[in-house]
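*Asks:* got a structure for you, letters missing:
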């Protein structure tokens, strides 16, 4: 049976982690149970995650919102493929991200990426399907698994905020490497995605709080 997190199971898993790890417990005591950070399943979220690669969240959001305004609604692969290079450049798409998003749209339309069936796959199988598409690497696939499919034990070691949060919370001498972060996460199985949310919660509350209020 494939498990998907909801607010209740997130709270239960957070409690279980806090009982075994005093550092995570401190974060939750200070800032509360982390948000679920749920995204819709499907093409639009994978496209949005591609936009988030290597740029600020604000920049990705601005580009995505321009795309929605241009199309008159959230993109689907067919509507996205109608736009030409000049259209996308005007919205803020780089040449590389234009290519990646087109490859994604083509794969969904052509059926080589069974995006609406990924919820039935286990973590590794779903990740492998997504990573067949050029432009979707470990981080993009991991965050999709966490936030669109709600998987409880995904550990996105390529995430900068996760590494910084772990460095601070665990009082490490330096930011952990990918291998070190992978090893660190082992102690939080089978709820590594919940531990990640707690570390993100710390990062967004202390390291890089958004201007004017709480993280969304």
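*Replies:* Sure, I can see it. These figures come from a predicted structure and were not determined experimentally. Residues are numbered from 1 along each chain as shown.

*Asks:* got the residue ranges for the strands in the protein?
*Replies:* In the chain, no strands are defined using DSSP state E.

*Asks:* all helices for it, in order.
*Replies:* 7-20, 22-31, 43-52, 57-71, 77-82, 85-91, 95-110, 123-130, 138-143, 160-169, 178-185, 192-202 (DSSP state H).

*Asks:* out of the ones you listed, deepest packed?
*Replies:* Of all those, helix 192-202 has the most neighbours on average by mean count of other Cβ atoms under 10 Å, namely a mean of 25. Bear in mind the C-beta positions are built from the backbone N, C-alpha and C, glycine included.

*Asks:* Report the inter-axis angle for that one versus helix 123-130.
*Replies:* 70 degrees (axes from the mean of the first three to the mean of the last three Cα atoms, to 10 degrees).

*Asks:* by contact count, what packs against helix 192-202?
*Replies:* helix 7-20, helix 22-31, helix 160-169, helix 178-185 (3 or more Cβ pairs under 8 Å, 6 or more residues apart in numbering; DSSP states H and E).

*Asks:* what sits up against the first one?
*Replies:* Helix 7-20 is contacted by residues 3, 5, 24-25, 28, 33-34, 36, 152, 187-188, 191, 194-195, 197-198 when judged by Cβ atoms under 8 Å, 6 or more residues apart in numbering.

*Asks:* can you state the direction angle for that helix and helix 22-31?
*Replies:* Using the same axes, to 10 degrees: helix 7-20 against helix 22-31 is 130 degrees.

*Asks:* what do you get for the shortest one?
*Replies:* Computed by the same axes, to 10 degrees, the angle separating helix 178-185 from helix 22-31 equals 80 degrees.

*Asks:* ok and helix 178-185 relative to helix 160-169, angle-wise?
*Replies:* 60 degrees.
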